[in-house]
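*Asks:* sequence first, predicted model second:
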There are 2 protein chains.
Amino acid sequence: MNMIDAPVIILVHPQLAENIGTAARAMYNGGLTRLRLVSPKGGWPNPDAIKPAAGAHRVLEDVEVFDSTAEAIKDLNVIFAATARRRDMLKPVVTPKAAAQNFHDLMRQENKVGVLFGPERTGLDNDDLSRVDTIINVPLNPEYTSLNLAQAVLIIAYEWIQASDQASSFASEKTVAVAPKAELLDLFEHLESELDRSGFLRVPHKRPAMVRNIRNMLLRADLTSQEVSTLRGVIASLVDPYFKRV
Amino acid sequence: MNMIDAPVIILVHPQLAENIGTAARAMYNGGLTRLRLVSPKGGWPNPDAIKPAAGAHRVLEDVEVFDSTAEAIKDLNVIFAATARRRDMLKPVVTPKAAAQNFHDLMRQENKVGVLFGPERTGLDNDDLSRVDTIINVPLNPEYTSLNLAQAVLIIAYEWIQASDQASSFASEKTVAVAPKAELLDLFEHLESELDRSGFLRVPHKRPAMVRNIRNMLLRADLTSQEVSTLRGVIASLVDPYFKRV
């Protein structure tokens, strides 16, 4: 995934430079680098944004500033708006997850996509919303929806990178093969012969179920070869302690 | 979805009360209300947490405080840990989305689930990770992974509430819960004390990794209470055989 082919994040009238910094940080976590500001309070550049950006310099360096929302979206093809409140506007409303999938679909069709976020307290006004194609509504606790600007940006960035091809590959876990069954069977035999000798399995009619239970536990652990030999060491050591031998 | 039937969030040694507040806010956004703190710096309750919680009083009021991670997870059955760093531990690693689905599956089987978050700068130590069943790794920009505590909590809470909408429609298939962590920790202690006595763990610089490996195998087996007591019987029997006693 080329990072240039990603949605543009547009903060409309952000009131605090600190929030621009934290939004930049949230963006970069999800691999988003293109940030536009519509007449930020306090102007731009603003040194107060640097520390909260926590090293997301790449985002801050490339910030573009516009006088109006209309100017900021001019060269883009499709505009989403993230807003917590439902408006009685006849526009499609999607979840962040669905939006992220839409971004990919739209960009494959060579659309440039932007996502608008409103000012911290007031949110986007109806004038801005009138320019938007689709509303993104974050599903939250109906009794408490209180996302700050950076958190709202983070959810979008997180879903974006999840939807990216890249995401699926680096979230995958490194796996180690489990032990060949021969090793596991040797482990069973080792343990069971010691338990026969110790008397743990001394009641004949209970023995089959007990053996089955113990084998099931060991099978469920998906042991590697290394782990099988560790367990055999454990058994040998409990039966024949090193410290008594010397 | 009843809010009581939701994962417990456990913050291990949080360094700033402000971050406890922002984490509470993030939790409540996703409908999570049960917060545990392991020896928070500055003690608890702490007035500095209130404003950052932005009205998520319900979470702060019910906070439980513990002296150690072991105490905090004792009554829970399955523990996840959110950590940005990959460890060379053989534990399953899942995305937040997969974890949220797991939470629902596990709780349908009457397991109590906890999610550990480490201290702000240092993250969870290996000792804490040794008690964990599954690692949650947030897929982020590989060149920049910089989530603060509240953001990491938010991602988990967000995926939780997303999965809740879907989960409510699934039919329940109840199976047996895994053992409460107190029983598993007792099993660890029993086995490790016997292995110390036998000399299996006699090389000091190897001991921590060996203990970790053995704990991981046992954690991975998802043992029930019945199975834990079987294993304790196995250990006791190998150490002190019935047939020699009579």
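*Replies:* Done, it's in. This is a predicted model, so every value here is computed, not measured. Numbering: from 1, shown residues only, chains lettered A, B, ... in the order given.
*Asks:* now the longest helix that chain A contains: average pLDDT?
*Replies:* In chain A, ranked by residue count with DSSP state H as the criterion, the top helix is helix A:181-198. The average of the pLDDT scores along helix A:181-198 is 91.
*Asks:* next helix or strand past it?
*Replies:* helix A:207-220 (DSSP states H and E).
*Asks:* and the longest helix of chain A, what's buried?
*Replies:* Across helix A:181-198, burial judged by 16 or more other C-beta atoms under 10 Å in any protein chain shown covers A:183, A:184, A:187, A:190, A:191, A:192, A:194, A:195, A:197, A:198. In short, each C-beta sits where N, CA and C put it, glycine included.
*Asks:* show me where chain A dips below the pLDDT cut-off.
*Replies:* A:1-4, A:84-90, A:165-176, A:245-246 (pLDDT under 70).
*Asks:* centre-most residue in it?
*Replies:* Centroid-nearest residue in chain A: residue A:158, 5.4 Å away (criterion: C-alpha atoms, centre = their mean).
*Asks:* please, which helix or strand holds that one?
*Replies:* Assigned by DSSP H and E, residue A:158 falls in helix A:149-163.
*Asks:* what segments of chain A are strands?
*Replies:* A:8-12, A:35-38, A:64-66, A:78-82, A:93-94, A:113-117, A:134-136 (DSSP state E).
*Asks:* how about the fourth one, does it reach chain B?
*Replies:* No. Using C-beta under 8 Å from any C-beta of the partner chain, no contact is recorded between strand A:78-82 and chain B, whose separation bottoms out at 13.3 Å.
*Asks:* re the thing from before, check contacts around the closest residue to the residue nearest to the centre of chain A other than its chain neighbours.
*Replies:* Using C-beta to C-beta, 6 or more residues apart in numbering or on different chains and skipping the chain neighbours, the partner closest in space to residue A:158 is residue A:30 (5.3 Å). Residue A:30 sits next to A:154, A:156, A:157, A:158, A:159, A:160, A:161, B:140, B:141 when contact means C-beta atoms under 8 Å, 6 or more residues apart in numbering or on different chains.
*Asks:* using TSV, lay out the strands of chain A together with mean neighbour count.
*Replies:* Listed next are these as TSV, based on neighbours: other C-beta atoms under 10 Å in any protein chain shown:
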stretch	mean neighbour count
strand A:8-12	24
strand A:35-38	23
strand A:64-66	15
strand A:78-82	23
strand A:93-94	15
strand A:113-117	25
strand A:134-136	22
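*Asks:* just give me the neighbour total for the spatially closest residue to residue A:162 that is not a sequence neighbour.
*Replies:* Residue nearest to residue A:162 in three dimensions, not counting chain neighbours: residue B:139, with 6.0 Å by C-beta to C-beta, 6+ apart. Neighbourhood size, residue B:139 [other C-beta atoms under 10 Å in any protein chain shown]: 23.
*Asks:* give me phi/psi at residue B:139?
*Replies:* Phi and psi for residue B:139, reported as degrees, to the nearest 10, are phi -70, psi 120.
*Asks:* cool, and residue A:34?
*Replies:* Dihedral angles (degrees, to the nearest 10) for residue A:34: phi -100, psi 110.
*Asks:* residues touching the nearest residue to it once chain neighbours are set aside, list them.
*Replies:* Of all residues beyond its chain neighbours, the one nearest residue A:34 is residue A:8 (4.5 Å), with distances taken as C-beta to C-beta, 6+ apart. Residue A:8 is in contact with A:34, A:35, A:36, A:76, A:112, A:113, A:114, A:115, counting by C-beta under 8 Å, 6+ apart.
*Asks:* can I get the residues you listed in CSV including distance to residue B:128?
*Replies:* Converted to CSV, the contacts of residue A:8 look like this (distance: C-beta to C-beta, whole Å):
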residue, distance to residue B:128
A:34, 38
A:35, 36
A:36, 42
A:76, 46
A:112, 45
A:113, 41
A:114, 42
A:115, 37
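*Asks:* circling back: how about the strands of chain A in a markdown table, adding distance to residue B:224?
*Replies:* What follows is the strands of chain A, written out as a markdown table (distance: least, C-beta to C-beta, whole Å):
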| stretch | distance to residue B:224 |
| --- | --- |
| strand A:8-12 | 48 |
| strand A:35-38 | 52 |
| strand A:64-66 | 59 |
| strand A:78-82 | 45 |
| strand A:93-94 | 43 |
| strand A:113-117 | 48 |
| strand A:134-136 | 44 |
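*Asks:* related to what we said a few turns ago, put the alpha carbons of the helix holding residue A:158 into PDB.
*Replies:* This file holds the C-alpha atoms of helix A:149-163, laid out as PDB (Å, rounded to 0.1, in the frame of the first residue of the first chain):
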ATOM      1  CA  LEU A 149     -11.000  14.700  18.200                       C
ATOM      2  CA  ALA A 150      -7.900  12.500  18.200                       C
ATOM      3  CA  GLN A 151      -9.900   9.500  19.300                       C
ATOM      4  CA  ALA A 152     -12.300   9.900  16.400                       C
ATOM      5  CA  VAL A 153      -9.400  10.300  14.000                       C
ATOM      6  CA  LEU A 154      -7.800   7.200  15.600                       C
ATOM      7  CA  ILE A 155     -10.900   5.000  15.000                       C
ATOM      8  CA  ILE A 156     -10.900   6.000  11.300                       C
ATOM      9  CA  ALA A 157      -7.100   5.500  10.900                       C
ATOM     10  CA  TYR A 158      -7.300   2.200  12.700                       C
ATOM     11  CA  GLU A 159     -10.100   0.900  10.400                       C
ATOM     12  CA  TRP A 160      -8.200   2.200   7.400                       C
ATOM     13  CA  ILE A 161      -5.100   0.200   8.100                       C
ATOM     14  CA  GLN A 162      -7.200  -2.800   9.100                       C
ATOM     15  CA  ALA A 163      -8.900  -2.700   5.700                       C
END
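*Asks:* okay, angle between it and strand A:113-117 too, please.
*Replies:* Between helix A:149-163 and strand A:113-117, the angle formed by their directions is 150 degrees, by axes from the mean of the first three to the mean of the last three C-alpha atoms, to 10 degrees.
*Asks:* what's the angle from helix A:149-163 to strand A:78-82?
*Replies:* Using the same axes, to 10 degrees: helix A:149-163 against strand A:78-82 is 130 degrees.
*Asks:* what separates helix A:149-163 from the chain centre, distance-wise?
*Replies:* 9 Å (C-alpha atoms, centre = their mean, to the nearest Å).
*Asks:* elements contacting it?
*Replies:* Applying 3 or more C-beta pairs under 8 Å, 6 or more residues apart in numbering or on different chains; DSSP states H and E, one finds that helix A:149-163 contacts strand A:8-12, helix A:17-29, strand A:78-82, helix A:96-108, strand A:113-117, helix B:149-167.
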